[in-house]
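# pasting a predicted model and its sequence here:
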Amino acid sequence: HVQLVESGGGSAQAGGSLRLSCGASGNLARRNCMGWFRQAPGFEREGVAVIDSNGDTTYADSVKGRFTISKDKVKRTLYLQMNSLKPEDTAMYYCAAKPFRMNSLVPAAYNYWGQGTQVTVS
């Protein structure tokens, strides 16, 4: 079983920055993919950025050039650095993980989810 715990959400002004963290515990396959997803009220959950166990990344077009996903394998922590924030980035942000290395921004592909952390940009 894998547990994911997000932190770092909060409020920011448009143009500002926030960094999200996701601590992982449990037995995640050595070949895996982890990522960040978000869901705004009235909208479906969408992929933001994912990274596989080789370090390959995939970003949603809406965040390319503004967000950076990274991970610390020793600390078993996933990060999302969010710069140049926009009001439309406001959402609940979730950390997710799955075995197998193939990157995917499709939420249904992920087996494990954190509880979410709120990001509000005004």
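Perfect, I can see it now.

# mind listing what the residue lying closest to Arg30 once chain neighbours are set aside touches?
Of all residues beyond its chain neighbours, the one nearest Arg30 is Ser53 (6.5 Å), with distances taken as Cβ to Cβ, 6 or more residues apart in numbering. The C-beta positions use only the backbone N, C-alpha and C, and glycine is treated the same way. Each residue near Ser53 by Cβ atoms under 8 Å, 6 or more residues apart in numbering is listed here: 30-33, 101.

# most neighbours, which of those residues?
Cys33 (24 neighbours; other Cβ atoms under 10 Å).

# so what's that one up against?
Cys33 touches 50-53, 97-98, 100-104, 110, counting by Cβ under 8 Å, 6+ apart.

# for the residues you listed, which one is nearest His1?
Ala97 (11.4 Å; Cβ to Cβ).

# test my guess that that closest one contacts Asn32.
Yes: in this structure, Ala97 is within contact of Asn32 by Cβ atoms under 8 Å, at 6.1 Å.

# just to revisit the earlier point, list just the nearest of the contacts of Ser53 to Asp89.
Nearest to Asp89 among the contacts of Ser53, with distances taken as Cβ to Cβ, is Cys33, at 22.3 Å.

# ok so that closest one is a strand residue?
Yes: under DSSP: H, G, I helix; E, B strand; the rest coil, Cys33 sits within a strand.
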